[in-house]
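S.K.: sequence first, then the predicted structure:
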Amino acid sequence: MTTFIICLSLLVISYFTYGKLLDKIFGVKTNVKTPASTSYDGIDYIPMPKWKTFLIQLLNIAGLGPIFGAILGATYGPVAFLWITLGGIFIGAVHDYASGFISMKMSGRSYTEFICRYLGRHTKVVISITILLLMILVGAVFMAGPAGILSNMTSWNYSTWIWIILVYYLVATLLPVDKIIGNIYPIFGAALIFMALAVLYIIITGDYSIPELSFHNFKADPEAFPIMPTMFVTIACGAISGFHATQSPMMARCITNQKQVRGVFFGAMISECIIALIWAAVAMAFFGGVTELGDALAQNSNNAARIIDIITKNELGKIGSILVLIGVVAAPISTGDTAFRSARLIIADSLKIKQTKMWRRIAVCVPIFALGYFITTVEFDILWRYFGWINQALAVAMLWTAALYLGVRRKNYWIALLPALFMTYVVCDYFVISNQFLGLGYWYGVGASVGIMTVFTLIFVRTLRIIREQRRVKYNRF
């Protein structure tokens, strides 16, 4: 319990300390208008109160990530608490803050647009295609998952639920952001928080014990599933996720003051870390230990949704069943919806298609949803297999962008550069040693990762020098 309490306290304290430091470094100004007013269009640029943008952002970035990833990552033991806490504060929250702030400063532009500004047009093409496919993949996965659950709970088959969810996605994606997303999603976001807090209360007040940190009480095959880098990819959304950067522009278009960036983006990420920390602790405590959790997952085909169902129904009864319906059905559907909406905005921004007319939004959406429906016909396990790695790879691009953004302004870019280097190592190492990709030995991973980190660092230094020189020449002309 001590390890858990310390990590929980650090997450809460970080909002008032490290979060304030980011405000100072990025240069928050309270008297400057935001895109919600300067670019208001009644569709995507709409002013919203801070509490609402926070809950929408939390639900957009969370979905099933901080629950599923945390439960699976808990098989490594309480060492997972360290990654969720330290990774969440110094990597994930920085990533989300930077993506929200930079998007806001660029009039709510999509992720691909500010990637292009700092990493170059060639990078933009690769990143744009990758993100677009990831958004459609996320939307498809979060159609397939809930459709499978709902088909088991009702008399309607899988295909029927796919079409129902698809129609809902289309309507929600086309309507102004303050209609369905602005009115319903804050409720789901609050339910996600309540679900975690309710289960935690039962665990703390019941006859359960949360394991303490030890590098010996984890169940993991050091050959097949080494802590570095596997745990850092398994627990993605609960610590760092590139998907978040694709969602940030939606709320960057709705906040009404720059000082809200910390609450909406940094705050939502820290809240997600707290949810992940709770579920990791609950999963270990409920089953009586790390080994027992691993056995329970093995008996349930490594399906974290079944673990959630067992815990909540056993501890919360009928209320638990309702919360599960929200947690594993409504939450992922909402994430899938915003993923498709992000895909629409990315295409519209890239092709300079204004979204004020309904027919233009439909024209962009039709091919997106057609591809999304096709993907749902593929096996769910295949869809999910590579999501974690792609997700972290996108986070790497965002962190390098944040480092350049700060560097060209001669601000403390180390807060983004160090996380960028660490995540570059994780992503490269996983690609080299995982059987999902190259499947080579440990030292091959180390060598390749260090080599790529070195190359990226040299490119960063060179690019930073070039951009600074260009800015100096430009300003000296006047």
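M.R.: Arrived safely, thanks for sending.
S.K.: so residue 446 is in which element?
M.R.: Residue 446 is part of helix 442-476 when elements are defined by DSSP states H and E.
S.K.: what helices and strands are in contact with that helix?
M.R.: helix 387-408, helix 414-433 (3 or more CB pairs under 8 Å, 6 or more residues apart in numbering; DSSP states H and E). (Glycine included, C-beta is placed from N, CA and C.)
S.K.: quick one: that helix to helix 387-408, angle?
M.R.: Orientation note: helix 442-476 sits at an angle of 40 degrees relative to helix 387-408 (axes from the mean of the first three to the mean of the last three CA atoms, to 10 degrees).
S.K.: how about the helices in the stretch 101-250 of the chain?
M.R.: Per DSSP state H, counting those that start in this stretch, the stretch 101-250 of the chain carries helices over the ranges 111-119, 121-153, 158-174, 180-205, 232-234, 243-252.
S.K.: avg pLDDT for the shortest one?
M.R.: When you say that, I think you mean helix 232-234. What helix 232-234 shows for mean pLDDT is 89.
S.K.: buried residues in stretch 90-108?
M.R.: For stretch 90-108, the neighbour count (16 or more other CB atoms under 10 Å) marks 90-106, 108 as buried.
S.K.: tell me the mean pLDDT over it?
M.R.: 95.
S.K.: send the alpha carbons of that stretch over as PDB?
M.R.: The C-alpha atoms that make up stretch 90-108 are tabulated as PDB, following Å, rounded to 0.1, in the frame of the first residue of the first chain:
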ATOM      1  CA  PHE A  90       7.800  13.500 -17.100                       C
ATOM      2  CA  ILE A  91       6.900  12.000 -20.400                       C
ATOM      3  CA  GLY A  92       3.100  11.500 -20.900                       C
ATOM      4  CA  ALA A  93       2.000  14.800 -19.400                       C
ATOM      5  CA  VAL A  94       4.700  16.800 -21.200                       C
ATOM      6  CA  HIS A  95       3.700  15.100 -24.400                       C
ATOM      7  CA  ASP A  96       0.000  16.000 -23.900                       C
ATOM      8  CA  TYR A  97       0.700  19.500 -22.700                       C
ATOM      9  CA  ALA A  98       3.000  20.200 -25.600                       C
ATOM     10  CA  SER A  99       0.500  18.800 -28.200                       C
ATOM     11  CA  GLY A 100      -2.300  20.900 -26.800                       C
ATOM     12  CA  PHE A 101      -0.300  24.100 -26.400                       C
ATOM     13  CA  ILE A 102       1.300  23.900 -29.900                       C
ATOM     14  CA  SER A 103      -2.000  23.200 -31.600                       C
ATOM     15  CA  MET A 104      -3.600  26.100 -29.800                       C
ATOM     16  CA  LYS A 105      -0.800  28.400 -30.800                       C
ATOM     17  CA  MET A 106      -1.200  27.200 -34.400                       C
ATOM     18  CA  SER A 107      -5.000  28.100 -34.500                       C
ATOM     19  CA  GLY A 108      -6.100  24.500 -33.500                       C
END
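S.K.: with respect to residue 311, which of the helices of the stretch 101-250 of the chain lies nearest?
M.R.: helix 180-205 (6.4 Å; CB to CB).
S.K.: which stretch of helix or strand covers the closest residue to residue 347 other than its chain neighbours?
M.R.: Spatially, and ignoring its direct neighbours in sequence, residue 347 is nearest to residue 364 (5.2 Å; CB to CB, 6 or more residues apart in numbering). In the assignment (DSSP H and E), residue 364 maps to helix 358-375.
S.K.: thinking again about what came up before, deepest of the helices of the stretch 101-250 of the chain, which one?
M.R.: Stretch with highest mean neighbour count among the helices of the stretch 101-250 of the chain: helix 243-252 (a mean of 29; mean count of other CB atoms under 10 Å).
S.K.: next helix or strand past it?
M.R.: Beyond helix 243-252 toward the C-terminal end (DSSP H and E), the next one is helix 260-261.
S.K.: gap between that following helix and the chain center?
M.R.: 18 Å (CA atoms, centre = their mean, to the nearest Å).
S.K.: who touches that helix?
M.R.: 23, 26, 28, 50, 53, 97, 100-101, 104, 255 (CB atoms under 8 Å, 6 or more residues apart in numbering).
S.K.: which ones among these lie within helices?
M.R.: Members of these lying in helices (criterion: DSSP state H): 23, 26, 50, 53, 97, 100-101, 104.
S.K.: residue 20: neighbour count?
M.R.: By other CB atoms under 10 Å, the residues close to residue 20 number 14.
S.K.: distance of it from residue 102?
M.R.: With distances taken as CB to CB, to the nearest Å, residue 20 is found 19 Å from residue 102.
S.K.: and what of residue 145?
M.R.: For residue 145, the distance to residue 102 - CB to CB - is 31 Å.
S.K.: repeat for residue 204
M.R.: 39 Å.
S.K.: follow-up on the earlier one: in this structure the residue nearest to residue 347 contacts residue 348, no?
M.R.: Yes - in this structure, residue 364 is within contact of residue 348 by CB atoms under 8 Å, at 5.8 Å.
S.K.: intersection of neighbour lists for those two?
M.R.: residue 355.
S.K.: and the spatially closest residue to residue 43 that is not a sequence neighbour, what does it touch?
M.R.: In this structure, residue 43 finds its nearest non-sequential neighbour in residue 176, 4.9 Å apart by CB to CB, 6+ apart. The contact partners of residue 176, taken as CB under 8 Å, 6+ apart, are 42-44, 46.
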